[in-house]
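>>> the amino acid sequence is not available; the structure is as follows:
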């Protein structure tokens, strides 16, 4: 059976300070671009099942977690449903998303704001984002 998502690009991994709930270790963040034939809601279900298979267990909101996979964009789709918003509604505020996104799609234009990833990144503080160098 072919993969449900074919990875076509991936950013380096970055170590970032925790966000939301601060009493936890640093996060590792990466952005991956893929191709899929899955519809957005089906893709979300697939990704959440993948998180569970990888060992994710329930915790407090924004708390420590083994894995967290979000859908940032789906082509130029704009979708606002109770369980899924595309583009991700807060990505333009989060350096830990924009830094790796700029590595693989610096000129991609946000379908709502019209700004490129590079422009969005210039509007946030990315000074605490570091390349991850495993020990």
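Yes, it's here. All figures in this text were calculated on a predicted structure; none of them were measured in a lab. Residues are numbered from 1 along each chain as shown.

>>> where does residue 25 land on pLDDT?
Looking at residue 25, its pLDDT stands at 86.

>>> so how many other residues sit close to it?
9 (other CB atoms under 10 Å). Glycine gets a C-beta too; all of them are placed from N, C-alpha and C.

>>> test my guess that it contacts residue 66.
No. Using CB atoms under 8 Å, residue 25 is not in contact with residue 66; the gap is 11.7 Å.

>>> got phi/psi on the closest residue to residue 85 other than its chain neighbours?
Excluding its sequence neighbours, the residue lying closest to residue 85 (CB to CB, 6 or more residues apart in numbering) is residue 79, at 6.6 Å. For residue 79, the backbone dihedrals are phi -140, psi 130 (criterion: degrees, to the nearest 10).

>>> and residue 79, how far from residue 50?
Taking CB to CB, to the nearest Å as the measure, residue 79 falls 20 Å from residue 50.

>>> what do you get for residue 122?
33 Å.

>>> cool, and residue 26?
23 Å.

>>> and if you look at residue 102?
With distances taken as CB to CB, residue 102 is found 25 Å from residue 50.

>>> where along this protein do the strands fall?
5-10, 14-16, 27-29, 32-36, 79-81, 84-86, 130-131 (DSSP state E).

>>> tell me the strands beside the fourth one, with direction?
Sheet pairing for strand 32-36, assigned by DSSP bridges, gives strand 5-10 (antiparallel).
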